[in-house]
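make a model of this:
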Amino acid sequence: MNRAPVILFMLLLIPCIASALPQDMIAPPVLFNLHPLYTAGAQPLCNPAQTAGEGELIFKAAISYGNNYIVEGLQDDDTTIDLELDSEGVAADLSARIGLNNRSDFIVGLQASGQYGGVLDPIINGFHNLFGFPNGGRELRDPNETSFIIYQDHQTILETDDHLGSLYMTLEPRLLLFRDKRVGRFFATMSLGLWSALPLFVPGHPLAASKKESLKAGIRSYLAIETGPYFLQASGSLAGTSAPRFLDSEDLDALQFLFDFTIGRCFGEEVSAKCSVSGTTSPFHLGYERTDTFSAVFLLGGCLRTSPRDTLDFGFAEEFFTFAATDIGFHISWSHRTGGR
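The predicted structure is shown next:
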């Protein structure tokens, strides 16, 4: 047997033992869940496991944009429908990660999100028609409109075409448990965080939570693994659920589990490639597969260094596995590092 391909593959897969990857190039991409039901409150966002160094300050500006078209129970008359969530979601986060010492940092951020009619429907319809993909009933609705309808227990519990927008402050102190702990050819870093969200502006929209329900908190754990040019970043969060106004808080789970993991490879110190899966368990019990099943998206993207202290992260996301998430999404973020030793 010719072993040359196997040997070459192993040489590529098992690089030299080192843990010297540029931390700003291996940070996970910021992934918002733009599903309309999940924008009732703020969201814990992806962060690297490595805490900021003492005196270091890392600014990040991130924005996500995606198209939602979720339909179930379309009747034969093509007008009566049991579930319709038709919108485009946009979310932005402006944050600062402040290094307190060598073992802890503090993240403070402003997070805004909204739902409106959007601009992508004609493009998506044309793409589906060009390649013969199923259109999911999109052709039955006027493009670029907002519609939220939920029918349950023989009555309509939600019906509105109003736009939605909200603003939150997020806070998260984090503690580094260990850094670059060697396990064979791998180096591991782990940290813990306490996340909270405070409402600054919450509208009276039925999909938005009340100010009381908008107060959220959760505990987060982070893990990073590096080996040569390859890396993995992962986090899991257990956080309180914000109940939208059209639902009573007892009609949904009080807690939800959020997860994300990113694998990638650095190509020197200037470029990295990443693929990520991010999602959350569903706290809803509405009787529909695309609301009650856990929500997840898959992102393919990368990171470019634009200056010694600046990086640009970007990616394209698709709903993943459960089809209970935003159909397509675009994500971009810029980060700037200053201070430190």
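
in stretch 299-306, what counts as buried?
Neighbour-count burial for stretch 299-306, with 16 or more other CB atoms under 10 Å as criterion, is recorded at 299, 301-303, 305. Quick note: C-beta positions are derived from backbone N, CA and C, even for glycine.

try stretch 328-340
Neighbour count says stretch 328-340 has 328-333, 335-337 buried, by 16+ other CB under 10 Å.

any idea of the mean pLDDT for that stretch?
On average, the pLDDT along stretch 328-340 is 92.

still on that earlier bit, take the buried residues of stretch 299-306 and write them to CSV, including distance to Thr281.
Below are those laid out as CSV (distance: CB to CB, whole Å):
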residue, distance to Thr281
Leu299, 19
Gly301, 24
Gly302, 29
Cys303, 28
Arg305, 35
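
ok, those vs Ile81, which is closest?
Leu299 (29.9 Å; CB to CB).

quick check: bridge partners of the closest one?
For Leu299, the beta-bridge partners are Ser276, Ala317 (DSSP bridges).

picking up where we left off before, of the buried residues of stretch 299-306, which belong to strands?
Taking DSSP state E, the ones among these that sit in strands are 299, 301-303, 305.

what's the closest of those to Ser221?
For these, the minimum distance to Ser221 (CB to CB) is 20.9 Å, reached by Leu299.

could I get the buried residue list for stretch 241-255?
Neighbour-count burial for stretch 241-255, counted by 16+ other CB under 10 Å, picks out 241-247, 252.

from Asn125, how far out is Asp310?
The gap separating Asp310 from Asn125 is 38 Å, by CB to CB, to the nearest Å.

equivalent analysis for Arg97, please.
Distance, Arg97 to Asn125, by CB to CB: 41 Å.

now the helices: where do they sit in this protein?
If DSSP state H is used as the criterion, the helices of the chain fall at 4-13, 121-131, 211-214, 289-292.

mind giving me the packing neighbours of the longest one?
Applying 3 or more CB pairs under 8 Å, 6 or more residues apart in numbering; DSSP states H and E, one finds that helix 121-131 contacts strand 56-72.

recalculate using a threshold of 10 Å.
Helix 121-131 sits against strand 56-72, strand 328-339, with contacts defined as 3 or more CB pairs under 10 Å, 6 or more residues apart in numbering; DSSP states H and E.

among the ones you listed, which is nearest Thr293?
Here strand 56-72 is closest among the helices and strands packed on helix 121-131 (CB to CB), at 11.3 Å.

buried ones in that closest one?
Neighbour-count burial for strand 56-72 [16+ other CB under 10 Å]: 56-58, 60, 62-72.

which among the residues you listed gets closest to Phe321?
Ile70 (15.1 Å).

give me the nearest residue to the closest one, chain neighbours excluded.
Leaving aside its sequence neighbours, Ile70 sits nearest to Leu85 (CB to CB, 6 or more residues apart in numbering; 4.1 Å).

thought the one you found was touching Ser147?
Yes. Counting by CB atoms under 10 Å, Ser147 is a contact partner of Leu85 at 7.8 Å.

overlap of the contact sets of these two?
Common contacts of Leu85 and Ser147 (CB atoms under 10 Å, 6 or more residues apart in numbering): 69, 71.

give me the more crowded residue out of these two.
Leu85 (23 against 17; other CB atoms under 10 Å).

contacts for stretch 153-162, please.
So stretch 153-162 is contacted by 36-37, 82-87, 115-117, 145-152, 203-207, 244-247, 251, 286-287 (CB under 10 Å, 6+ apart).

of those, just the buried ones, PyMOL syntax please.
To isolate the buried ones among the contacts of stretch 153-162 in PyMOL, judged by 16+ other CB under 10 Å, type:
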select buried, resi 36+37+82+83+84+85+86+87+115+116+117+146+147+148+149+150+151+152+205+206+207+244+245+246+247+286
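
sitting in strands, which of the contacts of stretch 153-162 do you find?
Counted as lying in strands by DSSP E, out of these, are 83-87, 115-116, 147-152.

before we move on, back to that, which one of the helices and strands packed on helix 121-131 lies nearest to Asp180?
strand 56-72 (16.9 Å).

what pairs with that closest one, parallel or antiparallel?
Strand 56-72 has the following strand partners under DSSP bridges: strand 83-101 (antiparallel), strand 328-339 (antiparallel).

just to revisit the earlier point, mind putting the helices and strands packed on helix 121-131 into TSV with distance to Arg265?
Shown next, in TSV, are the helices and strands packed on helix 121-131 (distance: least, CB to CB, whole Å):
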stretch	distance to Arg265
strand 56-72	22
strand 328-339	19
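
right, and these - which one's nearest Trp195?
So among the helices and strands packed on helix 121-131, strand 56-72 is nearest, using CB to CB, at 15.5 Å.

return the residues in contact with Glu88.
34, 36, 65-69, 114-121, 144, 146, 326-327, 329 are the contacts of Glu88 under CB under 10 Å, 6+ apart.
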